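Visitor: what shape does this take:
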Amino acid sequence: MRTVPPRYAGPAREAKFLAQPLARIEPDGAFEGYASLFRIVDLGKDVVEPGAFRECLARRGAGGIRMLWQHDPTEPIGRWLDLREDSRGLYVRGRLSLAVARARELHALMRDGAVDGLSIGFRSQRARTEPRSGLRRLEKVDLWEISLVTFPMLPQARVSAVKALRPPCHAVFA
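Guide: You can find the predicted model right below:
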């Protein structure tokens, strides 16, 4: 009988899935999109407010936030090059590590438009729940990771730019 190793049981974290159609992916695995959008209700009745990521991004920077596949800490697939809040939400630009087999698979799936969801893994630090609607407004979060996912909790949270793979250049020798 085969036993399955237990999943990481670190500090309690939440995951919010988000989405947007892919346009292009760089040959080197670079892509961009929005991992979270402000003031839009997700499928879990959460709403991220502008400024929710500000302190965490200032403290951790892009290098302190992990890029994972499906929120699995045993599946790192690349690194974030730029994370920032803008008027729309949490803009992300990252690069898949193409030396990793799973990242190469995702690169192909992203180019084909089969995978384009983004999702945030975080701890809520300040939130308020509206009694009438049950909506939870996230005002401050501690962002731990952003994952590429199949099904984002926020359907509008998607990779938006994945550039087409250019054919390799071949030298001709006479």
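
Visitor: is it true that Q125 lies in a strand?
Guide: Yes: residue state for Q125 (DSSP: H, G, I helix; E, B strand; the rest coil) corresponds to a strand.

Visitor: my read: it touches L143, true?
Guide: No: if you go by Cβ atoms under 8 Å, Q125 and L143 don't touch, sitting 10.2 Å apart. No exception for glycine: its C-beta is placed from N, CA and C like everyone else's.

Visitor: who's more crowded, these two?
Guide: When Q125 and L143 are compared for neighbours, L143 comes out ahead with 24 against 13, by other Cβ atoms under 10 Å.

Visitor: next one: A103 from R66, what distance?
Guide: A103 is 13 Å from R66, where distance means Cβ to Cβ, to the nearest Å.

Visitor: list the buried residues of stretch 54-67.
Guide: By neighbour count on 16 or more other Cβ atoms under 10 Å, the buried set for stretch 54-67 is 56-57, 62, 65-67.

Visitor: then stretch 64-78?
Guide: Residues 65-71, 75-78 are the ones in stretch 64-78 that count as buried (16+ other Cβ under 10 Å).

Visitor: filter the residues you listed down to the ones in strands?
Guide: 66-69, 75-78 (DSSP state E).

Visitor: out of those, the closest to D116 would be?
Guide: W69 (13.2 Å; Cβ to Cβ).

Visitor: so what's that closest one closest to, chain neighbours aside?
Guide: Once flanking residues are discounted, W69 sits nearest to E75: 4.0 Å by Cβ to Cβ, 6 or more residues apart in numbering.
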